[in-house]
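Undergrad: Quick one, what's the 3D model for this:
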Amino acid sequence: MLPAVPAEPAVRPGDPFPAALWLLRHGESEGNLASEAAWAAGAEALDLDTPDAQVPLSARGRDQAGAVGRWLAGLPEAERPTRVLVSPYRRARETLATALAAGGLDVPVTGDERLRERDLGVLDGLTGHGILARHPEEAERRRRLGKVWYRPPGGESWADVVGRVRSVVATALPRHDGERLLLVTHQAVVMAFRIVLEGLDPEEAVRIDHDDPQPNCALTRYAAGPDGVRLVRYADTAAVEASTAAVTEEPGADVPH
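TA: Here you go, the predicted structure:
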């Protein structure tokens with residue numbers, strides 16, 4: 001039997017790191033709505049022609065993003081974000097723009113392509129039914145390899161996403177040592193940060209993602225202290241719940257939007 005090999009958090013006590021780190025999943029998108037409709041209808045594919053990187057927010061997603069912006073603006077000035085990094089995907093950029101405008105926040109923003117959503121390659125836009133019907137060999141390969149290691153043709157595995165998040169943690173976050181940093185990103189990327197920052201086993205992270213998925217515009221927060229980086233809240237929807245916007249989450253699909 002192979003010995004257990006525990007993972008180690010990527011950031012050690014005393015390493016340069018933001019004083020506070022928020023990870024914000026984007027608001028509900030038109031892709032989320034198309035995914036919900038496809039799963040409800042038992043369809044093989046989403047009724048959506050827009051490339052994944054260009055999928056916009058829904059009207060409800062804009063309401064959710066505005067709620068987050070007002071919630072952040074309501075924090076004491078010494079607790080608000082001082083810097084933002086954002087995924088280049090449209091739904092993330094729209095979430096950020098809407099939040100900043102609603103909260104009247106003036107915060108420096110930088111884009112980072114490493115915060116983009118996981119690329120599903122040939123499986124993009126398909127439901128589980130569609131994968132089984134159109135790519136049965138890939139469904140079998142995914143079953144055999146497991147979700148963490150399976151890489152669809154032309155796409156990324158969960159492990160690939162973890163690799164680029166490790167790069168963000170190693171190169172981008174230390175530049176913002178002591179700042180309060182907001183990252184606007186996607187569901188799989190947030191889980192990859194949990195793997196890297198907490199030393200979570202990837203299989204455990206996939207289980208958490210399945211059992212306790214992040215609603216749209218949920219905030220996950222970390223704080224740095226003398227004992228290292230600690231998780232403060234995961235998938236917190238307090239900002240949206242404090243508004244008239246609805247809390248939404250995607251059905252249990254492998255097709256993120």
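
Undergrad: Would you quantify the distance from the closest residue to residue 29 other than its chain neighbours to residue 26?
TA: The shortest distance from residue 29 to any non-neighbouring residue, by CB to CB, 6 or more residues apart in numbering, is to residue 91 (4.3 Å). Backbone N, C-alpha and C define where each C-beta goes, glycine included. Going from residue 91 to residue 26 by CB to CB, to the nearest Å gives 5 Å.

Undergrad: Now do stretch 101-115: distance to the chain's middle.
TA: How far stretch 101-115 lies from its chain's middle: 15 Å, per CA atoms, centre = their mean, to the nearest Å.

Undergrad: Which residues does it contact?
TA: Counting contacts by CB atoms under 8 Å, 6 or more residues apart in numbering, the residues outside stretch 101-115 that touch it are 65-73, 80-88, 92-93, 96, 99-100, 164-165, 167-168, 172, 182-186, 189.

Undergrad: Phi, psi for the residue nearest to residue 29 please.
TA: Residue 91 adopts backbone torsions of phi -60, psi -30, taken as degrees, to the nearest 10.

Undergrad: so how many other residues sit close to it?
TA: 30 (other CB atoms under 10 Å).

Undergrad: just the strands in the stretch 101-250 of the chain please.
TA: 109-111, 180-185, 219-225, 228-236 (DSSP state E, counting those that start in this stretch).

Undergrad: Out of those, which is closest to residue 120?
TA: In terms of CB to CB, the element of those nearest to residue 120 is strand 180-185, at 16.3 Å.

Undergrad: and that closest one, what other elements does it pack with?
TA: When contacts are defined as 3 or more CB pairs under 8 Å, 6 or more residues apart in numbering; DSSP states H and E, strand 180-185 sits against strand 20-25, strand 83-86, helix 90-103.

Undergrad: Tell me which of those sits most buried.
TA: Mean neighbour count (mean count of other CB atoms under 10 Å) peaks for strand 20-25 among the helices and strands packed on strand 180-185, with a mean of 24.

Undergrad: what's the distance between that strand and the middle of its chain?
TA: 9 Å.

Undergrad: distance between the next helix or strand after that strand and the chain's centre?
TA: Next helix or strand after strand 20-25 toward the C-terminus (DSSP states H and E): helix 30-41. Centre-to-centre, helix 30-41 and its host chain are 19 Å apart (CA atoms, centre = their mean).

Undergrad: Same question for stretch 181-196.
TA: Here the centre of stretch 181-196 is set off from its chain's centre by 5 Å, with CA atoms, centre = their mean.

Undergrad: Mind checking the pLDDT average for that stretch?
TA: Averaged over stretch 181-196, pLDDT sits at 98.

Undergrad: Show me how far the lowest-mean-pLDDT helix or strand in the chain is from its chain's centre.
TA: Least confident helix or strand of the chain, by mean pLDDT, DSSP states H and E, is helix 202-211 with a mean of 94. Relative to its chain's centre, helix 202-211 lies at 13 Å (CA atoms, centre = their mean).

Undergrad: now swap in stretch 194-211 and tell me
TA: Remark: stretch 194-211 is offset 13 Å from the chain centroid, using CA atoms, centre = their mean.

Undergrad: Report the buried residues of it.
TA: Going by neighbour count (16 or more other CB atoms under 10 Å), the buried part of stretch 194-211 is 194, 195, 196, 197, 198, 200, 202, 205, 206, 208, 209.

Undergrad: Check the residues you listed and tell me the two furthest apart.
TA: Using CB to CB, the buried residues of stretch 194-211 span at most 16.3 Å, a distance reached by 197 and 206.

Undergrad: pLDDT below threshold where in the protein?
TA: 2-6, 250-257 (pLDDT under 70).

Undergrad: let's see 90
TA: 1-8, 249-257 (pLDDT under 90).

Undergrad: Tell me how far residue 70 lies from residue 62.
TA: Per CB to CB, residue 70 is found 13 Å from residue 62.
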